[in-house]
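Novice: Give me the fold of what follows.
(chains A and B)
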There are 2 protein chains.
Amino acid sequence: CFALGRQLTIEYYECSTKALLDKTLVEKALLDAAQKSGATVINSIFHKFEPQGISGVVVIAESHFTVHAWPEHDYAAVDIFTCGDNIDLEIAINSMKDSFESENVVISSDQNRGIISKAFEQKKVGQIVK
Amino acid sequence: CFALGRQLTIEYYECSTKALLDKTLVEKALLDAAQKSGATVINSIFHKFEPQGISGVVVIAESHFTVHAWPEHDYAAVDIFTCGDNIDLEIAINSMKDSFESENVVISSDQNRGIISKAFEQKKVGQIVK
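Specialist: Numbering: from 1, shown residues only, chains lettered A, B, ... in the order given. The predicted model follows:
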């Protein structure tokens, strides 16, 4: 059984409201996390919504980092998709914890993506009938 | 119990190799899926790796679509993160199925993100100790 990628979802609760209101800070948080963890940053987009809320994506050579921040709930949703073994996920997760000043970090899923030799055995949680 | 967002991961197996080699096609596949499903596209980045492989992210007003395509395995990994109820996920998933000519689509996870009233009860699959 061989997986092409790995995707983690991370919930950052009880963050600093001020941090999550600041697009420059959120962007730097993601880029710093990617770089410190050993990822190669290719490109990024960050968008600030009105009156608040930030979405951002960082494309890395090894896949992506994304963030969606709700300052009104002191909450940010992050996911990290990687392929290969050269990214230190613990460094990435802790770096964002510090940047967002989160008091409650939950790794809510850790999933293999692209299970090449066992495609038909992958757990299905939903179905689309056409 | 109230969740701010919803994240689906979708595995597109047995795709057309030719489709997954074509950056323009993959980009159009994601943008079409986002638009047809009712999402509001804000910005996107698509990157082609050498000798093959495409990564792409579409930031939408309701969060994001991402794709990582491995033409050598006829496989593409997609995730869709939405907030609100105005996006028709079935339309999005089927639209990409058609674009990639996938013969085997697996919805591998369907997850609530940002469980505001029950933060401490969210299932933990991993832990980071600092």
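Novice: For the most centrally placed residue in chain A, name its beta-bridge partners.
Specialist: Centroid-nearest residue in chain A: A:Asp79, 2.3 Å away (criterion: C-alpha atoms, centre = their mean). Counting by DSSP bridges, A:Asp79 forms beta bridges with A:Thr9, A:Thr66.
Novice: so what's it up against?
Specialist: Contact analysis of A:Asp79 by C-beta atoms under 8 Å, 6 or more residues apart in numbering or on different chains lists A:Gln7, A:Leu8, A:Thr9, A:Ile10, A:His64, A:Phe65, A:Thr66, B:Gln7, B:Asp79, B:Phe81. Any C-beta I mention is one placed from the backbone N, CA and C, and that applies to glycine too.
Novice: if I look at it, how far off is A:Glu14?
Specialist: Applying C-beta to C-beta, to the nearest Å, the value for A:Asp79 to A:Glu14 is 19 Å.
Novice: quick check, the longest helix belonging to chain A touching chain B?
Specialist: Longest among the helix segments of chain A by residue count, using DSSP state H, is helix A:23-36. No: against chain B, helix A:23-36 shows no contacts by C-beta under 8 Å from any C-beta of the partner chain, the least distance being 12.2 Å.
Novice: Which strands and helices lie in contact with that helix?
Specialist: helix A:17-21, strand A:41-48, strand A:54-60, strand A:63-70, helix A:89-100 (3 or more C-beta pairs under 8 Å, 6 or more residues apart in numbering or on different chains; DSSP states H and E).
Novice: I'd guessed A:Ile128 sits against B:Ile93; true?
Specialist: Yes: taking C-beta atoms under 8 Å as the definition, A:Ile128 is a contact partner of B:Ile93 at 5.0 Å.
Novice: list the residues that contact both of those two?
Specialist: B:Val105, B:Ile107.
Novice: Those two: which is more packed in?
Specialist: Counted by other C-beta atoms under 10 Å in any protein chain shown, A:Ile128 and B:Ile93 do not tie: B:Ile93 has more neighbours, with 22 against 15.
Novice: Would you quantify the distance from the more buried one to chain A?
Specialist: Separation of B:Ile93 from chain A (C-beta to the nearest C-beta, to the nearest Å): 5 Å.
Novice: List the beta-bridge partners for A:Asn104.
Specialist: A:Tyr13.
Novice: tally of neighbours for it?
Specialist: Residue neighbour count, defined by other C-beta under 10 Å, stands at 15 for A:Asn104.
Novice: cool, A:Asp22 as well?
Specialist: By other C-beta under 10 Å, neighbour count at A:Asp22 equals 17.
Novice: got it, and A:Glu103?
Specialist: A:Glu103 has 12 nearby residues by other C-beta under 10 Å.
Novice: hang on, it packs against A:Tyr12?
Specialist: No: under the criterion of C-beta under 8 Å, A:Glu103 makes no contact with A:Tyr12, lying 9.2 Å away.
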